[in-house]
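J.: Pasting the sequence and the predicted model now:
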Amino acid sequence: MSKKLAGKKYCGSHSTVIDAAYAVVSALEKQSSVDKISLGIIRSCRASSDKRNIKTKRIPAGLEMVVRGNSYVQTIYIYTNGLDQNMKDLAKTIGNYSKN
């Protein structure tokens, strides 16, 4: 089941986030170092009994986060000012949710 998110930090035309990404995106929204969040298109994938999987990649504007749930995959972009300390804080927050 997908959930809708809205607010001043969200940009783009998509406002839906997959269940596997909802908790981590909500936590990232509360961080002051996050300028905006862009929710990407939701794609279906093979069903899996595994727990969610979160992969991150640093991009010039912040982080690209790919979240895989049981049946869906979503790419989410987190924009920040790019300071190393901010990136460490974001990575720590994402790491806390990727272990669940």
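T.: Yep, that arrived.

J.: The top strand by length along the chain: partners in the sheet, and parallel or antiparallel?
T.: Determined from DSSP state E, the single longest strand within the chain is strand 34-44. The strands beside strand 34-44 in its sheet (DSSP bridges) come out as strand 10-11 (parallel), strand 72-80 (antiparallel).

J.: Skip the chain neighbours and tell me the closest residue to Ala23.
T.: Take Ala23 and drop its neighbours on the chain: the residue closest to it by CB to CB, 6 or more residues apart in numbering is Tyr97, 5.6 Å away. Bear in mind the C-beta positions are built from the backbone N, C-alpha and C, glycine included.

J.: Likewise for Ala20?
T.: Gly69 (3.2 Å).

J.: can I assume that neighbour is in contact with Arg52?
T.: Yes - Gly69 is within contact range of Arg52, at 5.4 Å (criterion: CB atoms under 8 Å).

J.: distance between stretch 43-57 and the chain's centre?
T.: Chain-centre distance of stretch 43-57: 13 Å, with CA atoms, centre = their mean, to the nearest Å.

J.: Compute the first-to-last residue distance for it.
T.: 19 Å (CA to CA, to the nearest Å).

J.: Tell me which other helices or strands the helix or strand that contains Lys92 touches.
T.: Element membership for Lys92 (DSSP states H and E) is helix 84-98. Contacts defined by 3 or more CB pairs under 8 Å, 6 or more residues apart in numbering; DSSP states H and E place helix 84-98 against helix 19-29, strand 53-59, strand 62-68, strand 72-80.

J.: switch the cut-off to 10 Å
T.: Counting contacts by 3 or more CB pairs under 10 Å, 6 or more residues apart in numbering; DSSP states H and E, helix 84-98 packs against helix 19-29, strand 34-44, strand 53-59, strand 62-68, strand 72-80.
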